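In: Here is a sequence with its predicted model. Questions after.
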Amino acid sequence: MGYKAPLIALALLAGCTTVPAPVDNPRQVWCDTNQPRRDYTPETPRNVVDQINSHNAKGVKWCGWKP
């Protein structure tokens, strides 16, 4: 009988999870929450420069940012 209480509590917790509302346009959400990155310097490692370039390329394609 002592094992039922944890199972009931677990079932109640599982029922309390919420599912986020679907987003109509995830690209617009990304555009609204991001801006072009201009934080590189001559000392920035190559892999970070690649990440910055990828981020900015996505902004050009999705948001119409000007290079």
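Out: Ah, there it is.
In: all contacts plus neighbour counts: C-alpha atoms, from now on.
Out: Fine.
In: Would you mind measuring from residue 41 to residue 50?
Out: Distance, residue 41 to residue 50, using CA to CA, to the nearest Å: 13 Å.
In: which phi and psi does residue 66 have?
Out: phi -90, psi 130 (degrees, to the nearest 10).
In: Residue 60 is in contact with that one, correct?
Out: Yes: with contacts counted by CA atoms under 8 Å, residue 66 reaches residue 60, the gap being 6.3 Å.
In: okay, those two: which has more neighbours?
Out: residue 60 (15 against 10; other CA atoms under 10 Å).
In: Now do the residue nearest the centre of the chain, the pLDDT please.
Out: Nearest to the geometric centre of the chain sits residue 30, at 8.1 Å (CA atoms, centre = their mean). The model reports residue 30 with a pLDDT of 96.
In: Following element in sequence after the helix or strand hosting it, please.
Out: Element membership for residue 30 (DSSP states H and E) is helix 26-33. Sequence order places helix 46-63 as the next helix or strand after helix 26-33, per DSSP H and E.
In: That next one: how far from the chain's middle?
Out: Here helix 46-63 is found 15 Å from its chain centre; the criterion is CA atoms, centre = their mean, to the nearest Å.
In: In which helix or strand does residue 23 reside?
Out: Using DSSP H and E, no helix or strand contains residue 23.
In: Now do the same contact list for it.
Out: Applying CA atoms under 8 Å, 6 or more residues apart in numbering to residue 23 gives no contacts.
In: 10 Å instead, please
Out: residue 29 (CA atoms under 10 Å, 6 or more residues apart in numbering).
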